[in-house]
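Participant: Sequence plus the predicted model coming up.
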Amino acid sequence: MSRTITLTTDFGTRDGYVGAIKGVIRSIAPDARLLDISHDISHGRIRQASFLLDNIIEFFPAGTIHLVVVDPTVGSRRRALIVEYKDCLLVGPDNGVFETAYRHSGAWSCHELTESRFMLRAVSNSFHGRDIFAPAAAHLALGVSPGEFGPPLENPVRQSGPRKKLFGDGRIVGSVIHTDRFGNLITDITAAELDTLGCDYSRLRVSLCGKVIRGISSHYAQAGAGELLALVGGTGRLELAVNLDSAAAVLGTPSPDAEVIVERSHE
Amino acid sequence: MSRTITLTTDFGTRDGYVGAIKGVIRSIAPDARLLDISHDISHGRIRQASFLLDNIIEFFPAGTIHLVVVDPTVGSRRRALIVEYKDCLLVGPDNGVFETAYRHSGAWSCHELTESRFMLRAVSNSFHGRDIFAPAAAHLALGVSPGEFGPPLENPVRQSGPRKKLFGDGRIVGSVIHTDRFGNLITDITAAELDTLGCDYSRLRVSLCGKVIRGISSHYAQAGAGELLALVGGTGRLELAVNLDSAAAVLGTPSPDAEVIVERSHE
Amino acid sequence: MSRTITLTTDFGTRDGYVGAIKGVIRSIAPDARLLDISHDISHGRIRQASFLLDNIIEFFPAGTIHLVVVDPTVGSRRRALIVEYKDCLLVGPDNGVFETAYRHSGAWSCHELTESRFMLRAVSNSFHGRDIFAPAAAHLALGVSPGEFGPPLENPVRQSGPRKKLFGDGRIVGSVIHTDRFGNLITDITAAELDTLGCDYSRLRVSLCGKVIRGISSHYAQAGAGELLALVGGTGRLELAVNLDSAAAVLGTPSPDAEVIVERSHE
């Protein structure tokens, strides 16, 4: 059976760095199916990559190998990892990029990637994507098991998270964790959490930086063109959006500690 | 036989939306061949997507499935479609994005996509690309026939077109329908239409917004670097271009109702 | 065995030009494996494309077909080529884009692509990527040998190179040949050349446009955030970089004849 290897990097495509990675994989595992996820992660933005992973992993079949190279500290002492998470395999640097897995305790295990026989013969200091991670992904696709790549590792580097606060009196206070390509401001507040407020979406009010939105819409086009709205987006999280325009352009990009407050409307 | 599914969206790749779509398809139809066409369609620009489709469909083999997700009214009452067009299948929203097919009466037929057994179990209001269209494309690749997805539909939403006027006295008046990545201004005037003027290309003159080009060139490099020219481009349509530069940058982006006039030169 | 065809163009993806190329290949060689390398080469920038090729070719398995369409003089009298280089095949225009092969005398041979039976029936003047190069790549994937496409060609168009000067007295003078997506300024000075200076990397000094860097680092994170450094990058060449930022933004883009000087530090 030919395994799928997905590719997520911050390399862009213009310089051939991703091309080299694809060549290495093709050379080792000719039958693996390569699938581009993104090469447009912003330079070194680990959180952006882990947000992306969070949106895709559950939709892939068991056995999928996700190769992620967002690696600003390449060549330093940061470790290289293979993470088993649910029924997939994650390959990349130990810098918190796999936080999406670590958040589910008991659902993951981890090996350090130290065995040089699974690396390219010459390993550079600045391109482990090509020299270490790509060959590892390819060997996983060939059926090598994670334990053969190196010793188990219990304490991968975690992201320090903006922690969400939940207040008991009919309020949730969260924050914006991502701005997507459409300029939608995506929060860390989930649909399940909204439900704990125990009232109809139309009776909730959402505020951010003094801007107030009354009611949570069911879809973008429910608002007029150019109008601000709040809705539960495809990622299952509350987002602020502007129909046919960009909430980020209209509201500005909020500071990381700006509070998104959802509460029952008392009017 | 493993079918090809092509992907065209306005999602960009950075947020994982396209990644989720690929995961869904891989999970349902592991052997389908995924081929990225574009994820850079501008936000909600239906015409841009249908222009693109117009340039690619005829070059794909029979049986190809084209998944198109440019869907600004997702979650509203807009319908979901499967269009059979010539020997290919189109899957996407009923918002005019498949105009390229509808223009050929008799060459297409259409089914609404209503059967929930071909959708993901939980269908969101804001991401039908992942929850409805991707599973449909995957099931088509497995051999499910269009009629199984829902009832026939006779009246898909059409694009209101800028209509081309043809004057009898040696003139064609058309318009610019697309600006490509190179800044070439592509018109709706075809090579066949130019031929109806019954004279050599070198004796035609093309004008747009007061700018006049004498003669239609055979290739870009026929003009000097930075020089404006008109030629029949790879899409079979008359375009205005600047050799090694951008006509859109040099001329500005013309308003949608700006007239492109081709006529015999009387000098 | 199904052959791999890689795709490198300056087309972007939005207009469907790359989509048409993929359709043509799929129609002729349904089992060929298509692999996107880049569609973001800057408009007509032949050197950028050949730099990219230089970074990827050695990593692909024998038999890989690299299709490269950066073709500003399409439709003029420039020739179309198939180059056999080491154990891969290169297909594209005769404009110097395959300089990376020509630099290795004895390692390449070349055929002109003239046989119309391996082209689309109608060949446009402005889109040979679709009409000539894509069908040729597909036929190569089917096993047609390069000699069947046309006569041998001994004198492909070469790039005029910025030539590197090597001084005997402990100095190398080179130049910046590429700015990558991260803003790293990549020079034409290789690790092997640095070694000829016969001293430890920490004792070398690198200067560009009056800016002096003491010591060559082993990895990006060795410098503080925002700090300028020099290191041997993943392409095996000396580069100037700024940790977590862009050297191009900090230093400006150097003029093509700006000298990069590496010498022993005498402090």
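Facilitator: All right, it came through fine.

Participant: Contacts for stretch A:18-28, please.
Facilitator: A:5, A:7, A:9, A:11-13, A:32, A:34, A:36, A:39, A:67, A:69, A:120, A:127, A:129-130, A:133-135, A:137-139, A:141-142, C:4, C:6, C:8, C:35, C:37-38, C:52, C:55-61, C:64, C:234 (C-beta atoms under 8 Å, 6 or more residues apart in numbering or on different chains). In this view, the C-beta of every residue, glycine as well, is placed from N, C-alpha and C.

Participant: for the record, mean pLDDT for it?
Facilitator: Across stretch A:18-28, pLDDT averages out at 98.

Participant: pull the CA atoms of it into PDB?
Facilitator: Taking Å, rounded to 0.1, in the frame of the first residue of the first chain, the C-alpha atoms of stretch A:18-28 are listed here in PDB:
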ATOM      1  CA  VAL A  18      10.700  22.200  -1.200                       C
ATOM      2  CA  GLY A  19      11.700  20.700  -4.600                       C
ATOM      3  CA  ALA A  20      14.800  19.200  -3.000                       C
ATOM      4  CA  ILE A  21      12.700  17.700  -0.200                       C
ATOM      5  CA  LYS A  22      10.400  16.100  -2.800                       C
ATOM      6  CA  GLY A  23      13.300  14.700  -4.600                       C
ATOM      7  CA  VAL A  24      14.800  13.100  -1.500                       C
ATOM      8  CA  ILE A  25      11.400  11.500  -0.700                       C
ATOM      9  CA  ARG A  26      11.000  10.300  -4.300                       C
ATOM     10  CA  SER A  27      14.400   8.800  -4.200                       C
ATOM     11  CA  ILE A  28      13.900   6.800  -1.000                       C
END
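
Participant: now that stretch, how far from the centre of its chain.
Facilitator: Stretch A:18-28 sits 23 Å away from the centroid of its parent chain (C-alpha atoms, centre = their mean, to the nearest Å).

Participant: thinking again about what came up before, against chain B, which of the contacts of stretch A:18-28 make the cut? List them.
Facilitator: Near chain B, judged by C-beta under 8 Å from any C-beta of the partner chain, the entries from these are A:36, A:39.

Participant: Going through the contacts of stretch A:18-28, which ones are buried?
Facilitator: The neighbour-count test (16 or more other C-beta atoms under 10 Å in any protein chain shown) marks A:5, A:7, A:9, A:11-13, A:32, A:34, A:36, A:39, A:67, A:69, A:120, A:127, A:129-130, A:133-135, A:137-139, A:141, C:4, C:6, C:8, C:35, C:37-38, C:52, C:55-57, C:59-60, C:64, C:234 as buried among those.

Participant: does any part of stretch A:8-15 sit near chain C?
Facilitator: Yes. Stretch A:8-15 reaches chain C (C-beta under 8 Å from any C-beta) through A:11-15.

Participant: Tell me which two of those residues sit farthest apart.
Facilitator: The span of these, defined through C-beta to C-beta, is set by A:11 and A:14 at 8.8 Å.

Participant: Let me have the residues of stretch A:8-15 next to chain C in JSON lines, adding pLDDT and distance to residue A:213 as columns.
Facilitator: Shown next, in JSON lines, are the residues of stretch A:8-15 next to chain C (pLDDT from 0 to 100; distance: C-beta to C-beta, whole Å):
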{"residue": "A:11", "pLDDT": "96", "distance to residue A:213": "37"}
{"residue": "A:12", "pLDDT": "96", "distance to residue A:213": "36"}
{"residue": "A:13", "pLDDT": "97", "distance to residue A:213": "38"}
{"residue": "A:14", "pLDDT": "95", "distance to residue A:213": "40"}
{"residue": "A:15", "pLDDT": "96", "distance to residue A:213": "42"}
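
Participant: Just send the residues you listed back as a markdown table, with distance to residue A:182 and secondary structure too.
Facilitator: Below are the residues of stretch A:8-15 next to chain C laid out as a markdown table (distance: C-beta to C-beta, whole Å; DSSP: H, G, I helix; E, B strand; the rest coil):
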| residue | distance to residue A:182 | secondary structure |
| --- | --- | --- |
| A:11 | 23 | coil |
| A:12 | 21 | coil |
| A:13 | 22 | coil |
| A:14 | 24 | coil |
| A:15 | 27 | coil |
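
Participant: that older thread, helices - which of the buried ones among the contacts of stretch A:18-28 land there?
Facilitator: Mapping the buried ones among the contacts of stretch A:18-28 onto helices (DSSP state H) picks out A:134-135, A:137-139, A:141, C:52, C:55-56.

Participant: Tell me if I'm right that residue A:150 and residue A:117 touch.
Facilitator: No. Residue A:150 lies out of contact with residue A:117 (C-beta atoms under 8 Å); the separation is 11.0 Å.

Participant: which of the two has more neighbours?
Facilitator: The neighbour count for residue A:150 versus residue A:117, taken as other C-beta atoms under 10 Å in any protein chain shown, is higher for residue A:150 (20 against 10).

Participant: How about that one, nearest residue that isn't a chain neighbour?
Facilitator: residue A:114 (3.6 Å; C-beta to C-beta, 6 or more residues apart in numbering or on different chains).

Participant: What count of nearby residues applies to the one you found?
Facilitator: 14.

Participant: wait, what's in contact with it?
Facilitator: Per C-beta under 8 Å, 6+ apart, neighbours of residue A:114: A:80, A:149-151.

Participant: what do you get for residue A:82?
Facilitator: Taking C-beta under 8 Å, 6+ apart as the definition, contacts of residue A:82 comprise A:89-91, A:110-111, A:113, A:136, A:140, A:146, A:149-150.

Participant: residue ranges with poor pLDDT in the stretch 1-150 of chain A?
Facilitator: A:1 (pLDDT under 70).

Participant: Please enumerate the strands of it.
Facilitator: Applying DSSP state E, counting those that start in this stretch to the stretch 1-150 of chain A gives strands spanning A:4-9, A:33-38, A:65-69, A:80-85, A:88-93, A:108-112.

Participant: Now the element after the last one, going C-ward?
Facilitator: What that stands for is strand A:108-112. Toward the C-terminus, strand A:108-112 is succeeded by helix A:128 as the next helix or strand (DSSP states H and E).

Participant: residues in contact with that following helix?
Facilitator: A:69, A:71, A:74-75, A:80, A:93.

Participant: Nearest to residue B:174 among those residues?
Facilitator: residue A:69 (47.3 Å).

Participant: Could you report the separation of the closest residue to that closest one other than its chain neighbours from residue A:79?
Facilitator: Excluding the flanking residues, the one nearest residue A:69 by C-beta to C-beta, 6+ apart is residue A:129, at 3.7 Å. Remark: distance between residue A:129 and residue A:79 (C-beta to C-beta, to the nearest Å) = 15 Å.

Participant: re the thing from before, what touches both of residue A:11 and residue A:14?
Facilitator: Jointly contacting residue A:11 and residue A:14 under the rule C-beta under 8 Å, 6+ apart are residue C:181.

Participant: Kind regards, and thank you for your time.
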